[in-house]
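In: this is a predicted model, with the sequence first.
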Amino acid sequence: MRAVHRISLITSPEERQAFERIGIDLQGKGYFEIDESDPRWPHAHRMAVEFQMLDLSYAEFTEAERRGATYLMAYGAWEHGYPESFQDGGYERTTYDSTKVCVSCGVGRIQVSPFRISGAPKWGSRSVRMLCCIQDEFFVTPESWENVFKPFGIECREVVFHKTGQAVDNMVQLNITSVARLDVKGLRFNDCPICGHRKYPYDLTGRYYHPMPENTSAPIFKSDIYWGTDAAAWKTIIVSQELYGAAKKAGLKGIGFLPCRAQGINPEDSGKLDRCSVFAPIPLRVLPPRVGEDSLGLNS
Ligand SMILES: [Zn+2]
């Protein structure tokens, strides 16, 4: 696993010269990336703190690390399209039982109706997507569901057109009904003053691995805990190694995977990672894919 930082918001000549003095060539840009194993990292980090720069960190895993994980957190590497009606938040009322949702922390969404979209999805070479703002549901092509997910006993549910209520024929939602407890020891949390539900900020300081779930026979399931701050609340989606292998074999695009590990990180990693603030997927939305690399997941 590589821990990589993108240091950005470098604007003044003084800041540029400071980085150049430790051997970092900005090449005219306002940011650079650096691996924590780079000998320049301690100096770069100290200056990033001093200059109050934006430091987004992310992890790169090898395929061997992903194949060695019993469970992997699945994240959307392609977020595209909106649930309808999005502008006025109407999908909250039509898709979920809104009477159960806490207005303060957002916990309590129970889906009671299909998601609605405005037009037929275009997939290109991808076969998995998330809808914008819906972070705990995957939408896939019917062929992908049939070939990859259905053999594991995973059901799907229809998605409908907003205006007509007719079923969309080239997109279905994975019906993820199982839940498993996570090892959240050491994670910070907040309890809602209104409903009392607990949420964990998506800021797993010093952790690049997703927390380990308890053993379960389900091939795909959600975390028992909610993540998020303010009114945002979502669950992470986790898959078994077997389902990951099937997704990999099928070459699914639009989805990525991070290994799960008990208590997040190994003790020997904690020293070098203790200043990292973000592990995923937030930086994945900020950083464009590199040349020849679609995501941290299947196509690397
Ligand atoms: Zn609440």
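Out: Sure thing, it's come through. Numbers count the residues shown, from 1 in each chain.

In: buried ones in stretch 64-78?
Out: Glu65, Arg66, Ala69, Tyr71, Leu72, Met73, Ala74, Tyr75, Gly76, Ala77, Trp78 (16 or more other C-beta atoms under 10 Å). C-beta coordinates here come from the backbone N, C-alpha and C atoms, glycine included.

In: ok, and the closest non-adjacent residue to the fifth one?
Out: Which is Leu72. Residue nearest to Leu72 in three dimensions, not counting chain neighbours: Phe257, with 4.1 Å by C-beta to C-beta, 6 or more residues apart in numbering.

In: list the beta-bridge partners for the one you found.
Out: For Phe257, the beta-bridge partners under DSSP bridges are Ala74.

In: is it in contact with Ala77, as I believe?
Out: No. Look at Phe257 against Ala77 with C-beta atoms under 8 Å: they stay out of range, at 9.3 Å.

In: which bits of the chain sit near the ion?
Out: Contacts of the chain with the ion, taken as C-beta under 5 Å from the ion, map to Cys102, Ser104, Cys105, Cys192, Ile194, Cys195.

In: Serialize the residues you listed to a markdown table and add fields for distance to Tyr209.
Out: Shown next, in a markdown table, are the residues of the chain next to the ion (distance: C-beta to C-beta, whole Å):
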| residue | distance to Tyr209 |
| --- | --- |
| Cys102 | 29 |
| Ser104 | 30 |
| Cys105 | 26 |
| Cys192 | 27 |
| Ile194 | 32 |
| Cys195 | 30 |
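
In: so which of those is the most crowded?
Out: Within the residues of the chain next to the ion, neighbour counts (other C-beta atoms under 10 Å) peak at Cys105, which reaches 24 neighbours.

In: from the stretch 201-300 of the chain, which residue is nearest to the ion?
Out: The ion sits closest to Ala233 of the stretch 201-300 of the chain, with a gap of 8.3 Å, by C-beta to the ion.

In: neighbours around that residue, how many?
Out: There are 22 residues near Ala233, going by other C-beta under 10 Å.

In: what sits against it?
Out: Listed by C-beta atoms under 8 Å, 6 or more residues apart in numbering, the contact set of Ala233 reads Cys105, Gly106, Val107, Gly108, Arg109, Lys199, Tyr226, Trp227.

In: hang on, the second one packs against Lys235?
Out: No. Checked against C-beta under 8 Å, the pair Gly106 and Lys235 is beyond contact range at 11.7 Å.

In: where are the low-confidence patches of this structure?
Out: Across the chain, the ranges flagged by pLDDT under 70 are 203-207, 263-300.

In: per-domain residue ranges of it.
Out: Domain assignment for the chain by automatic domain parsing gives 2-60, 79-174.

In: mind putting those in JSON lines, distance to His210 included?
Out: Below are the domains of the chain laid out as JSON lines (distance: least, C-beta to C-beta, whole Å):
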{"stretch": "domain 2-60", "distance to His210": "10"}
{"stretch": "domain 79-174", "distance to His210": "14"}
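
In: tell me the most buried of these?
Out: domain 79-174 (a mean of 17; mean count of other C-beta atoms under 10 Å).
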